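Peer 1: Predicted model and sequence below, questions to follow.
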Amino acid sequence: MSVRTRFAPSPTGYMHIGNLRTALYEYLIAKANNGDFILRIEDTDQKRFVEGATDIIYSTLKRVGMLWDEGPDIGGNFGPYIQSERKPIYAEYAHKLVELGGAHYCFCSKEQADEEKDEEQNIKFEDPCKRIPLEEAKKRVAAGEPFVIRQTINKKGKSKYHDEVYGDIEIDYDELDEGVLLKSDGFPTYNFANVVDDHLMQITHVVRGNEYVSSTPKYNLIYESFGWTPPHYVHVPPVMKDAQHKLSKRNGDASFQDLVAKGYLPEAIINYIALLGWNPGDDREIFSLDELKKVFSIERLNRSPAIFDIVKLTWMNGQYIRQLSEDEFFAYAEPYLKQTLTRNVDIKALARVLQPRLEVFSDIPSQIGFINNVAEFDTTLYINKKMKTDQAVAKQALAFALERLKTVNDWSNDNLFAELKALAEEKGLKNGQIMYPVRIALSGRETTPGGATEIAVIIGKNETLRRIENALERL
RNA sequence: GGUCCCAUCGUCUAAUGGUUAGGACAUCACCCUUUCACGGUGGUAAUAUGGGUUCGAGUCCCGUUGGGAUCACCA
């Protein structure tokens, strides 16, 4: 039997990182086994539905290259793939489950049910409707009385099942809640819809957050009543924001689209989150999606929560940026460059010096601001012990450099560097005693992307000479 | 509170019951260098805690502590 996994998000907003990681694991399990990855939209709660959320799901999965084999937009043999379009199916199976004894009609209002519960004394909700004879209940349903269908749990003792990550799990049947399966509006709850759909869609591996570990026995009971075989369960620990809080959209924690907007590459994000809770068993860390397909295995999934570390993601993003070809890098960087530059400069040369030192694209504006104009700076900037420079050395060096640069016509980095190096030698100075002051004069900043001559090439000859003259006036 | 789950450097993690407890990020130092980076080399840094089993425990068992999850007509 071929492996079939499903990603089943509810369209309630943007794609958060934990969700994306679950999708990734689903995808990898399927693809590592030559199986199918199915996309199903769980929109049974109309109150939480957010317009456009489905499109975000589509675009995110496409952007990272996790293409689905069946789904709402492309169809498949097990559709429809949107739960709201499957409403009659759930009703049919819910009533069937009642006949099979796995559920019963309940006429209590939500308020009544709440009152029955006493959380203080840990008394569970004992639904009085359980005792209504089926024939009588059916009559009331037929008569149009509002009802829900509630799971019936009469079993005693321990429920056991195997989880691929957590191992064997045992939970007492008494702990299980007789939850609502079919709501009064006719929609199923997750508790029911996921079982019916996973079975009908022949899902073999269910990956979901470990908050479902303790409710899984309820689902198994449903499978049992219908005589169906439950899937393999792969419960994964949450992705945390810190030691005690999950990453959540409510807190405004980073979503996939937030990260992309900040200049993180989708490939780097996928690579990073794959490693949050999974490892390949060796020291390798950089993996493309295709490479992950080859090495991924359920056995190496971790049981404990992992804290999302933006610092490491940032490092990894830097690795990916460096792997980009010059053209690819330019394509990503161009919008940021154009948005901040007010001066006409050699934008390609600028991109070249930026690529090896950038970790996130959103750092570009702050890194290249000096290209537009040189901010006021204190002349103590010229003091650098290692370069053996100070204001006096700078004054001399800049004067020499100005004089020499005026005569240079081949304004390439190689030539400029050669000229200034030769100049230093002629004047009996160290390279740094020329280069450092020139760079400061051109940028007004202690740190810059690129060295003195690289900056000179980018801003051009006229501007270079003008900036050196200005700097000299202030010394 | 009941139940379930989890626990190795600050963070992500590795370690058939036998290693000087390994790697990566971060951090520090040095090297490279026209700055800053990149890159390279090295350092600091961990088995929550108490018992037990064993010749030997990060690893197995029990307790403690700490953390998380769950107990919805949300998923």
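Peer 2: Happy to help now that I have it.

Peer 1: Please make it C-alpha for all contacts and neighbour counts, starting now.
Peer 2: Will do.

Peer 1: give me the element A:Ala91 is part of.
Peer 2: helix A:87-100 (DSSP states H and E).

Peer 1: average model confidence for the helix or strand just after that helix?
Peer 2: Counting by DSSP H and E, the next helix or strand C-terminal to helix A:87-100 is strand A:103-106. When pLDDT is averaged over strand A:103-106, the result is 92.

Peer 1: and if you look at stretch A:74-89?
Peer 2: For stretch A:74-89, the mean pLDDT works out to 92.

Peer 1: Equivalent analysis for stretch A:350-359, please.
Peer 2: In the prediction, stretch A:350-359 has an average pLDDT of 92.

Peer 1: Kindly report the same for stretch A:177-190.
Peer 2: Here the average pLDDT along stretch A:177-190 is 92.

Peer 1: Could you pull out the buried residues of that stretch?
Peer 2: With burial defined by 16 or more other CA atoms under 10 Å, the residues of stretch A:177-190 counted as buried are A:177-184, A:186-190.

Peer 1: need these in CSV with secondary structure and distance to A:Tyr332, can you?
Peer 2: CSV is the format used below for the buried residues of stretch A:177-190 (DSSP: H, G, I helix; E, B strand; the rest coil; distance: CA to CA, whole Å):
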residue, secondary structure, distance to A:Tyr332
A:Asp177, coil, 52
A:Glu178, coil, 53
A:Gly179, coil, 50
A:Val180, strand, 49
A:Leu181, strand, 48
A:Leu182, strand, 49
A:Lys183, coil, 48
A:Ser184, coil, 51
A:Gly186, coil, 48
A:Phe187, coil, 45
A:Pro188, strand, 44
A:Thr189, coil, 43
A:Tyr190, helix, 40
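
Peer 1: Farthest pair within the residues you listed?
Peer 2: Distance extremes for the buried residues of stretch A:177-190: the farthest pair is A:Asp177 and A:Gly186 at 20.2 Å, using CA to CA.

Peer 1: Now do the helix holding A:Ala91: which elements does it pack against?
Peer 2: Packed against helix A:87-100 by the contact rule (3 or more CA pairs under 8 Å, 6 or more residues apart in numbering; DSSP states H and E) you find strand A:103-106, strand A:148-151, strand A:180-182, helix A:190-200, helix A:216-226.

Peer 1: can you tell which of those is closest to A:Phe330?
Peer 2: Nearest of the helices and strands packed on helix A:87-100 (CA to CA): helix A:190-200, 44.5 Å.

Peer 1: and the angle from the closest one to helix A:87-100?
Peer 2: Interaxial angle, helix A:190-200 versus helix A:87-100 (axes from the mean of the first three to the mean of the last three CA atoms, to 10 degrees): 100 degrees.

Peer 1: touching RNA strand B at all, helix A:190-200?
Peer 2: Yes: counting by CA under 7 Å from any atom of the strand, RNA strand B is contacted by helix A:190-200 at A:Tyr190, A:Asn191.
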